[in-house]
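1. the sequence and its predicted three-dimensional model are supplied below.
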Amino acid sequence: MYQSPVPFLIYGPPGTGKVIVSLTVVESVHQILRTQPEAHILLCAPSNPATDTLAQRLGVSLKPGDMLRLNDQNRTFAEVPDPIRQFCYVENDRFALPPWKSLMSYRVVVTSCLDANILVEALLKKHTMMSLHPHRIMKHQIIPHWTHLLIDEAAQGSEPELLVPISVVLTRTDLFDGDQSHSEIPNTTSACYHPLATTPQLCLCGDPNQLGPIITSPEARNYELDLSLLERLFGRPLYAQHPEARHASLPIHQSSVCAPFKPFVNLVKNYRSDPAILMPASALFYNESLEPCASNGLISWQGLSNNKFPVMFLGCDANDESVDERATWFNLGEIEHIFNVITSLMSEASKSFPTLQPEEIGVLAPWREQVWKVREKLRQASLSRVDVGTVEDFQGREKRVVIISCVRSSARFLSEDKQKGIGLVFEKKRMNVAITRAKELLVIIGNGNLLKCDPYWKGFLQFASRNNLYVGPELNIEDDGAWISRLESKFAQVDEENGLATHTGLRNTMMLAGGVVREVLREDF
């Protein structure tokens, strides 16, 4: 990772994935430590589990004297995985901040974004970390203590949350007491604003197209606090108008950005999903940039309407119902469909390779009440090992088989859902997470005639209709050629060349209309 005056962004879509991106972060840390002996790295993630994962992967090659896993004093020992306890500092049977001399000796400090506040508070108490750690001067530049800040899963943290660790590495002059000048503090200078100071390198990793920070306050959402710093940065011209940007709209000769300078990297290889499962997500959300590289097993199921595509949209127009004055929702008709699909799959489990196990099936729903009722139904049938949860529960996870229950069937509540940021309609990030969890089989259960009012669901339904993947009540939808991926076009072309498809103009529609309409929809939505 080269030193850059702007944040360096790593764009990691689904399946490139939680493991691959975090390994990329870990490898970046190793490269920095190997090539920059003076480097001191602050490594963060929004949640403790994600932070522990980073610490565990680094702990394989680092010694306890090189890395500190900093925890809040109220965190219990039971919450911390055994392999990383040796990297934690404990005092009086509680997690604590090491003495300053010890803290300054660690080459890597790993902590959650919020727990980085421990360092902020310590900095305020001591005026500045620089007062206790003399600056190193290299080639006439002032080098601050923290040379790098890397934040993994940055799209899941709110901007104020990420500003906590950022405020640690970017020391401000106004953190000093107003009545004490800098010259009175020995061995210190303002690293952030001094003309010779080197700015620490900031690196953010994540996917702005997946679920962001959880913000329940409507007022906060109105002020876009549900917009992550990563997503906001990717929207800036420096990144968005770069000719190699994932959603680049300008050709190189029209771009105002110098092509050689690239402050980001796009991960494109998907190691999770079957190509047919990846098609719609790649076209809808990633400008067709994802490459299928998965090496999976095979689900054998007679319920599929098209054996070439392990995808099914099962139409269901059953009524949705609410509890607690519309606080949460469920759909009994969809629950019955879920049960039938799972029992059918398990009856043929031995035909799959390898044999399908109940715990390899995941059921996703946008409302907790639906989750509880599905669990109850499956428990009664001795299928409690099937994993059932909300879409948020499954972010960063994968299953061989994923069944999505959309629940919503009443159009009159869509505006309320949209205002609250709940459900799967008009929530493209939640939809994206839901449809990208499956490795070998994806089944979606919902009211297609309701979902089609959402342009992204309409695109998915057109994909399902074109490829004979929709089963259920008549779907009144016109295929306008939108959101057709190059991969889907290639499938159709192969079928035509092998005489497996009639020449109905489908290929021409895919190759010509798809790209044009897709760009129009992107501008509108």
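-> Received the coordinates, thanks.
2. looking at it, residue 470 is touching residue 309, isn't it?
-> No: if you go by CB atoms under 8 Å, residue 470 and residue 309 don't touch, sitting 11.2 Å apart. All C-beta atoms are positioned from the backbone trio N, CA, C, and that covers glycine.
3. who's more crowded, the two?
-> Taking neighbours as other CB atoms under 10 Å, residue 470 and residue 309 compare with residue 470 leading, 24 against 21.
4. residue contacts, residue 422?
-> Residue 422 is in contact with 366, 367, counting by CB atoms under 8 Å, 6 or more residues apart in numbering.
5. quote the end-to-end distance of stretch 213-229.
-> Length of stretch 213-229, first residue to last, CA to CA, to the nearest Å: 10 Å.
6. pLDDT on it, on average?
-> Averaging pLDDT along stretch 213-229 gives 90.
7. go on, stretch 349-357?
-> Rounded mean pLDDT across stretch 349-357 is 97.
8. let me see the domain layout of the chain.
-> The chain is divided into the following domains under automatic domain parsing: 8-227, 235-267, 298-478, 480-525.
9. how about the ones you listed in CSV, adding distance to residue 286?
-> What follows is the domains of the chain, written out as CSV (distance: least, CB to CB, whole Å):
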stretch, distance to residue 286
domain 8-227, 6
domain 235-267, 6
domain 298-478, 9
domain 480-525, 10
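10. go through those domains and name the closest to residue 287.
-> Closest approach to residue 287 among those (CB to CB): domain 235-267, 5.1 Å.
11. what distance separates the start and the end of the closest one?
-> End to end - CA to CA - domain 235-267 spans 18 Å.
12. then stretch 344-364?
-> The first and final residues of stretch 344-364 sit 18 Å from each other (CA to CA).
13. I'd like the next helix or strand past the helix or strand harbouring residue 230.
-> Residue 230 is part of helix 229-234, with elements assigned from DSSP states H and E. Counting by DSSP H and E, the next helix or strand C-terminal to helix 229-234 is helix 237-240.
14. let me see the mean pLDDT of that next one.
-> Here the average pLDDT along helix 237-240 is 92.
15. so what's the gap between it and the chain middle?
-> With CA atoms, centre = their mean, to the nearest Å as the basis, helix 237-240 stands 20 Å off its chain's centre.
16. mind listing what's buried along that helix?
-> 238, 239, 240 (16 or more other CB atoms under 10 Å).
17. alpha carbons only: can I get that helix in CSV?
-> Output of helix 237-240 as CSV, limited to C-alpha atoms (Å, rounded to 0.1, in the frame of the first residue of the first chain):
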residue,chain,number,x,y,z
PRO,A,237,-15.4,12.7,-8.1
LEU,A,238,-11.9,11.5,-7.2
TYR,A,239,-13.2,8.0,-6.9
ALA,A,240,-16.5,8.0,-8.8
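18. for the next helix or strand after that helix, which outside residues touch it?
-> Downstream of helix 237-240, the next assigned helix or strand under DSSP H and E is strand 264-266. Residues outside strand 264-266 that contact it (CB under 8 Å, 6+ apart): 8, 9, 10, 11, 234, 239, 242, 244, 245, 246, 289.
19. can you list the low-confidence ranges for the chain?
-> Along the chain, segments meeting pLDDT under 70 span 1-3, 17-23, 126-143, 171-198, 248-260, 481-482, 487, 495-525.
20. biggest strand in it by residues?
-> The longest strand of the chain (DSSP state E) is strand 438-446.
21. residues in contact with that one: which ones?
-> Strand 438-446 is contacted from outside by 272-274, 277, 294, 296-299, 301, 310-316, 334, 337-338, 341, 345, 362, 398-409, 424, 435, 460, using CB under 8 Å, 6+ apart.
22. and residue 322, its phi and psi?
-> The phi/psi pair for residue 322 (degrees, to the nearest 10) reads phi -120, psi 160.
23. excluding its backbone neighbours, what's nearest it?
-> residue 329 (5.1 Å; CB to CB, 6 or more residues apart in numbering).
24. so the one you found touches residue 406, yeah?
-> No: Residue 329 is beyond contact range of residue 406, at 10.5 Å (criterion: CB under 8 Å).
25. which of these two has more neighbours?
-> residue 406 (27 against 23).
26. list the contacts for the more buried one?
-> 334, 366, 424, 425, 444, 445, 446, 447, 451.
27. distance-wise, check it relative to residue 39.
-> 48 Å (CB to CB, to the nearest Å).
28. please name the bridge partners of residue 446.
-> With DSSP bridges as the criterion, residue 446 is bridged to residue 315.
29. burial check on it, number of neighbours?
-> Residue 446 has 26 neighbours, counted by other CB under 10 Å.
30. what does residue 24 give?
-> By other CB under 10 Å, neighbour count at residue 24 equals 17.
31. quick check: it touching residue 10?
-> Yes: the criterion here is CB under 8 Å, and residue 24 meets it with residue 10 at 6.2 Å.
32. give me the common contacts of the two.
-> Common contact partners of residue 24 and residue 10 (CB under 8 Å, 6+ apart): 205, 267.
33. can you tell me which residues contact residue 292?
-> 270, 273, 274, 275, 278, 487.
34. closest one of the residues you listed to residue 104?
-> Proximity of those to residue 104 (CB to CB) peaks at residue 270, which lies at 41.5 Å.
35. residues contacting the closest residue to the closest one other than its chain neighbours?
-> Nearest non-adjacent residue to residue 270, counting by CB to CB, 6+ apart: residue 15, 3.8 Å away. Applying CB under 8 Å, 6+ apart, one finds that residue 15 lies in contact with 270, 271, 272, 273, 278, 290, 294, 398, 436.
36. how near is residue 15 to residue 388?
-> Distance of residue 15 to residue 388, computed by CB to CB: 22 Å.
37. same check on residue 299?
-> 19 Å.
38. go on, residue 470?
-> For residue 470, the distance to residue 388 (CB to CB) stands at 24 Å.
39. check residue 78 too.
-> The value you get for residue 78 to residue 388, if CB to CB is used, is 26 Å.
40. more neighbours, the two?
-> Counting neighbours by other CB under 10 Å for residue 78 and for residue 388 shows that residue 388 has the greater number, 26 against 5.
41. if we can go back for a sec, quick one, which of the domains of the chain is nearest to residue 282?
-> Across the domains of the chain, closest to residue 282 is domain 480-525 (CB to CB), at 5.6 Å.
42. which residues does residue 82 contact?
-> Contacts of residue 82 (CB under 8 Å, 6+ apart): none.
43. phi, psi for it please.
-> phi -50, psi -40.
44. what do you get for residue 75?
-> Main-chain dihedrals, residue 75, degrees, to the nearest 10: phi -70, psi 140.
45. and it, how many neighbours does it have?
-> Neighbour number of residue 75 under other CB under 10 Å is 15.
46. that older thread, any chance of a markdown table for the contacts of strand 264-266, columns distance to residue 66?
-> Shown next, in a markdown table, are the contacts of strand 264-266 (distance: CB to CB, whole Å):
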| residue | distance to residue 66 |
| --- | --- |
| 8 | 23 |
| 9 | 27 |
| 10 | 23 |
| 11 | 29 |
| 234 | 33 |
| 239 | 33 |
| 242 | 35 |
| 244 | 35 |
| 245 | 36 |
| 246 | 35 |
| 289 | 37 |
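47. now list the buried members of those residues.
-> Using 16+ other CB under 10 Å as the burial test, the contacts of strand 264-266 include 8, 9, 10, 11, 234, 239, 242, 245, 246, 289 as buried.
48. correct me, but the last one touches residue 267?
-> It stands for residue 289. No: assessed by CB under 8 Å, residue 289 is found out of contact with residue 267, at 9.5 Å.
49. all strands for the stretch 151-300 of the chain, in order.
-> For the stretch 151-300 of the chain, the strands defined by DSSP state E, counting those that start in this stretch cover 201-206, 264-266, 269-270, 291-292.
50. now distance to residue 70 too, for these, in CSV please.
-> Below are those laid out as CSV (distance: least, CB to CB, whole Å):
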stretch, distance to residue 70
strand 201-206, 19
strand 264-266, 28
strand 269-270, 33
strand 291-292, 38
